[in-house]
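Asks: need a 3D model of the following:
(one chain, ligands or ions: 1)
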Amino acid sequence: MGRSRSKPSLKGLAQKYGGSVRKRYSRVYRVLKQKRQCPECGSLKFKRESAGIWTCNSCGFKVAGGAYDVAA
Ligand SMILES: [Zn+2]
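Replies: Just a heads-up that it's a prediction; the model follows:
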């Protein structure tokens with residue numbers, strides 16, 4: 001029963017994987033750096049405090065949202 005399993009080319013896979021992750025990261029980074037308006041007071045000091053938590057530095061409004069985008 002000497003069935004040999006063919007291995008996929010890891011080199012090509014790694015290149016593909018690395019590329020998609022880079023692309024996704026740059027998109028996430030851009031979304032993170034975006035200025036957001038606080039839904040409560042309208043100031044642009046609305047930022048992500050930690051993954052899934054968004055706070056307004058102006059009025060202290062806190063809301064749970066997506067890890068990388070408040071609307072996610
Ligand atoms: Zn606010």
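Asks: counting neighbours, what do you get for the residue nearest to Lys35 when sequence neighbours are not counted?
Replies: Spatially, and ignoring its direct neighbours in sequence, Lys35 is nearest to Leu44 (4.7 Å; CB to CB, 6 or more residues apart in numbering). (Each C-beta comes from the backbone N, C-alpha and C, glycine too.) By the criterion of other CB atoms under 10 Å, Leu44 has 13 neighbours.
Asks: contacting residues around Leu44?
Replies: Applying CB atoms under 8 Å, 6 or more residues apart in numbering, we find Leu44 in contact with 35-38.
Asks: filter these down to the ones near the ion?
Replies: Cys38 (CB under 5 Å from the ion).
Asks: let me have the contacts of Leu44 in JSON lines, adding pLDDT, secondary structure and distance to Val28 as columns.
Replies: Listed next are those as JSON lines, based on pLDDT from 0 to 100; DSSP: H, G, I helix; E, B strand; the rest coil; distance: CB to CB, whole Å:
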{"residue": "Lys35", "pLDDT": "86", "secondary structure": "coil", "distance to Val28": "16"}
{"residue": "Arg36", "pLDDT": "88", "secondary structure": "strand", "distance to Val28": "15"}
{"residue": "Gln37", "pLDDT": "91", "secondary structure": "coil", "distance to Val28": "20"}
{"residue": "Cys38", "pLDDT": "92", "secondary structure": "coil", "distance to Val28": "21"}
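Asks: what is the least confident helix or strand in this structure?
Replies: For the chain, counting by mean pLDDT, DSSP states H and E, helix 10-33 ranks last in confidence among helices and strands (a mean of 70).
Asks: buried residues, the helix or strand just after that one. List them.
Replies: Downstream of helix 10-33, the first helix or strand assigned by DSSP states H and E is strand 46-50. For strand 46-50, a neighbour-count test (16 or more other CB atoms under 10 Å) marks 46-48 as buried.
Asks: what about strand 46-50, distance to the chain center?
Replies: Put simply, strand 46-50 sits 13 Å off its chain's centre (CA atoms, centre = their mean, to the nearest Å).
Asks: need the residues of this structure near the ion, please.
Replies: 38, 40-41, 43, 56, 58-59, 61.
Asks: before I go, just wanted to say thanks for your time.
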